[in-house]
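Peer 1: Coordinates for the following, if possible.
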Amino acid sequence: MRVNQNRSKRSILSLIIVFVLLLVGGCASKQEEEKQINIEAGTLASKLSFWDEQKKGTNFMNSKSIPENYTEANKENIEFIRLAPDKWSKDRDFLFNDQPDSNPKKDFLIGNVDHYEGIVEEDFEALKADLDAAYERGSKVVLTVLSLPGNRWRQFNNRQNDDRLWQDLSYHQQSAQFWQDLATRLKGHPAVVGYNLVNEPHPETATGFNDFWTQDYSDWYSQVENTAADLNKLYETIVEAIRLVDKDTPIILNSGLYATPWAFEYLKPIQDDNVLYAFHMYEPYEMTSQNRKRGFEYAYPGKVKVGERKTEKMFNKDTLQDFLQPVDKWAKDNNMPANRIIAEEFGINRMVKGADQYLSDLISIFDEYGWHWAFYAFREDTWEGMDYQLGEQPPNWKYWEAFEKGELSNREQVEVSNPLWGALKNGLEK
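Peer 2: Next up is the predicted model:
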């Protein structure tokens, strides 16, 4: 009888212990759940507010993920990184040694732009690891892509424009599905503060518009509106798809004809308070794109022959300000605040005479307007023409030695005191 009583007491005690453990576990589980909700809410709030004040950033378009560059960018007061990971899917021989592309139909994340069938898992894991590394180092990232379904990046397409996206509406739907799939996976990532839907869209090239110096945008757009060549139609389709799964992450839209400021003329604002609008500034391109192979004919400030008609035009700070007027006018016409505009890329070959003044003048203009800005580029590993830490001269042998080994060069060995980096540092430190 006593044995049965003891067993009964032990059973009751066991039930009490189990109940307490379940209660404590439930409370702990609830606390963890509430903690996660608070973290996610804080992340979303920070994404919404990140762009409230002017931000200054740079571009990463390297051949591989280089987490160390996030650390180095933070040291230079760089507040956000615009990341384009498309090159990660290509072989080093193709990117560095002018060898044929061993897999020309391989497109990062997308798989194959000829027909999108789903996110490539291996690619996504590489991207996720890079974004995690950015977060661990305190960096914020705007994610962009160089290719979309039906629109393979020119440099991966035998230097030819791929205009299928601007000729076939089915590619609009595939692009929307791609971004919806990507947003579903990234919407809660604390490093990501923007989805930039496509780098430098160019519907104009598929429809006979090539020279904004001489051609009329209004006339051109009236002919393509509501067709596959309508950039606004593409954006509406993709934004709608993203917002079905992610209502909070900011979305960034480039203007047309490779993000020229002049294409703002036909850009339509999206009815979404969490959308920003971006342009790139490399004008006059005939000057900024000069290199050692082609020679250095032009200096800044100075006269440059521009457009298909090779019209000679003087370029100085006033001219640059005039060139950016379409963005300012568009913002005023649409009651768009300055903190919704991004000068997303700007730069000049560092060996062009007066390059430091060109950078200083543009930064001064961007700051006057209060626009966000991001220079191109920070420590790019595939091309050193706009790596401003290298100064105005060709890099020394130590740089090329590291380059050949596929390693990062030690900037203390190759960096020189130079006005180019000084112009950027001055802008970043203001």
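Peer 1: In contact with Leu231: list those residues for me.
Peer 2: When contacts are counted by C-beta atoms under 8 Å, 6 or more residues apart in numbering, Leu231 touches Pro201, Pro203, Gly256, Tyr266, Leu267. C-betas here are computed from N, CA, C, even on glycine.
Peer 1: right, I mislabeled it, should have said Lys55
Peer 2: In this structure, Lys55 makes contact with Glu79, Phe80, His372, judged by C-beta under 8 Å, 6+ apart.
Peer 1: Can you list which of those are found in strands?
Peer 2: Cross-referencing those against strands under DSSP state E gives Phe80, His372.
Peer 1: all strands of this protein, in order?
Peer 2: With DSSP E as the criterion, the chain has strands spanning 56-60, 80-83, 141-144, 192-196, 251-254, 275-281, 302-306, 311-315, 341-346, 372-375.
Peer 1: With distance to Lys128 and mean pLDDT added, can I get these in TSV?
Peer 2: Below are the strands of the chain laid out as TSV (distance: least, C-beta to C-beta, whole Å; pLDDT from 0 to 100):
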stretch	distance to Lys128	mean pLDDT
strand 56-60	16	98
strand 80-83	12	98
strand 141-144	11	98
strand 192-196	11	98
strand 251-254	20	98
strand 275-281	24	98
strand 302-306	43	97
strand 311-315	43	97
strand 341-346	23	98
strand 372-375	23	98
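Peer 1: Which one of those lies nearest to Trp383?
Peer 2: strand 56-60 (12.0 Å; C-beta to C-beta).
Peer 1: Now that closest one: buried residues?
Peer 2: Applying a neighbour-count criterion of 16 or more other C-beta atoms under 10 Å, one finds Lys56, Gly57, Thr58, Asn59, Phe60 buried in strand 56-60.
Peer 1: now stretch 368-388
Peer 2: When burial is assessed from 16+ other C-beta under 10 Å, stretch 368-388 yields the following buried residues: 369, 371-382, 384-388.
Peer 1: Need the distance between the two termini of stretch 50-62.
Peer 2: Between the start and the finish of stretch 50-62 there is a gap of 25 Å, counting by C-alpha to C-alpha, to the nearest Å.
Peer 1: ok, now how distant is Ala84 from Glu308?
Peer 2: 29 Å (C-beta to C-beta, to the nearest Å).
Peer 1: Next: Tyr298.
Peer 2: Relative to Glu308, and taking C-beta to C-beta, Tyr298 is found at 17 Å.
Peer 1: Which one of those two is surrounded by more residues?
Peer 2: A side-by-side neighbour count of Tyr298 and Glu308, using other C-beta atoms under 10 Å, places Tyr298 first with 19 against 10.
Peer 1: So that one is in contact with Val304, correct?
Peer 2: Yes: between Tyr298 and Val304 there is a contact under C-beta atoms under 8 Å: 5.1 Å.
Peer 1: Overlap in contacts, these two.
Peer 2: Pro284, Glu286, Met287.
Peer 1: pLDDT-wise, which helix or strand of the chain ranks last?
Peer 2: Comparing every helix and strand of the chain by mean pLDDT, DSSP states H and E singles out helix 2-50 as the least confident one, with a mean of 52.
Peer 1: Now for Gln180, how many residues are close by?
Peer 2: As a measure of burial, Gln180 has 17 neighbours, counting by other C-beta under 10 Å.
Peer 1: show me the residues around the closest residue in space to it that isn't next to it in sequence that make contact.
Peer 2: Of all residues not flanking Gln180 in the chain, Ala241 sits nearest, at 4.2 Å (C-beta to C-beta, 6 or more residues apart in numbering). By C-beta under 8 Å, 6+ apart, Ala241 lies in contact with Ala176, Gln177, Trp179, Gln180.
Peer 1: now Trp213: how far from Glu265?
Peer 2: According to C-beta to C-beta, Trp213 and Glu265 sit 14 Å apart.
Peer 1: and the two? which has more neighbours close in?
Peer 2: Set side by side, Trp213 and Glu265 show more neighbours around Glu265, with 19 against 15, by other C-beta under 10 Å.
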